[in-house]
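# Sharing a model that was predicted from the sequence below.
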Amino acid sequence: MELTLNDITDHLGQPRTKIGTELIWQCPICMDKSKDNLHYNPVKNILWCFANEEHSKVILSEIMKKKHEAKRMENK
């Protein structure tokens with residue numbers, strides 16, 4: 001299963017801003033109100049938290065788990 005922008009927006013909501021092609025959110029783990037650390041590059045298909053790379057892995061895992069569960073329920 002591949003990560004899509006729809007998967008990300010379903011999980012995080014609409015991005016707070018956009019710089020070039022990158023969409024940017026406030027990281028839900030960092031919750032640093034002064035910075036938007038979570039970036040998604042749709043060209044490279046990369047989701048990245050610039051404050052802590054482990055956050056990216058946790059968020060991606062949550063998104064993919066949710067997507068897998070939805071797919072499983074669809075096949076029942």
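Arrived safely.
# Residue 24 contacts residue 8, doesn't it?
No: in this structure, residue 24 is not within contact of residue 8 by C-beta atoms under 8 Å, at 11.3 Å. (Glycine included, C-beta is placed from N, CA and C.)
# Compare neighbour counts for the two and give me the winner.
More neighbours surround residue 8 than the other of residue 24 and residue 8, with 20 against 17 (other C-beta atoms under 10 Å).
# Next, that one: phi, psi?
phi -70, psi -50 (degrees, to the nearest 10).
# Do you know the pLDDT at it?
Looking at residue 8, its pLDDT is 96.
# May I ask which helix or strand encompasses the closest residue to it other than its chain neighbours?
Nearest non-adjacent residue to residue 8, counting by C-beta to C-beta, 6 or more residues apart in numbering: residue 40, 5.7 Å away. Using DSSP states H and E, residue 40 maps to strand 38-41.
# on contacts alone, who are the packing partners of that strand?
Applying 3 or more C-beta pairs under 8 Å, 6 or more residues apart in numbering; DSSP states H and E, one finds that strand 38-41 contacts helix 5-12, strand 22-25, strand 46-49, helix 53-74.
# hang on, the earlier thing: residues in contact with both of residue 24 and residue 8, list them for me.
Residues touching both residue 24 and residue 8 by C-beta atoms under 8 Å, 6 or more residues apart in numbering: residue 40.
# Can you give the contact residues for stretch 8-28?
Contacts of stretch 8-28 (C-beta under 8 Å, 6+ apart): 5, 32-33, 35-43, 47, 49, 51-52, 55, 59, 62-63, 66.
# quick check, distance from it to the centre of its chain.
Taking C-alpha atoms, centre = their mean, to the nearest Å, one finds the center of stretch 8-28 at 7 Å from the center of the full chain.
# For the closest residue to residue 66 other than its chain neighbours, grab the count of nearby residues.
Sequence neighbours aside, residue 11 is the residue nearest to residue 66 in space, at 6.6 Å (criterion: C-beta to C-beta, 6+ apart). Residues near residue 11, counting by other C-beta under 10 Å, number 16.
# Same check on residue 64?
15.
# Could you check how far it is from residue 6?
Applying C-beta to C-beta, to the nearest Å, the value for residue 64 to residue 6 is 13 Å.
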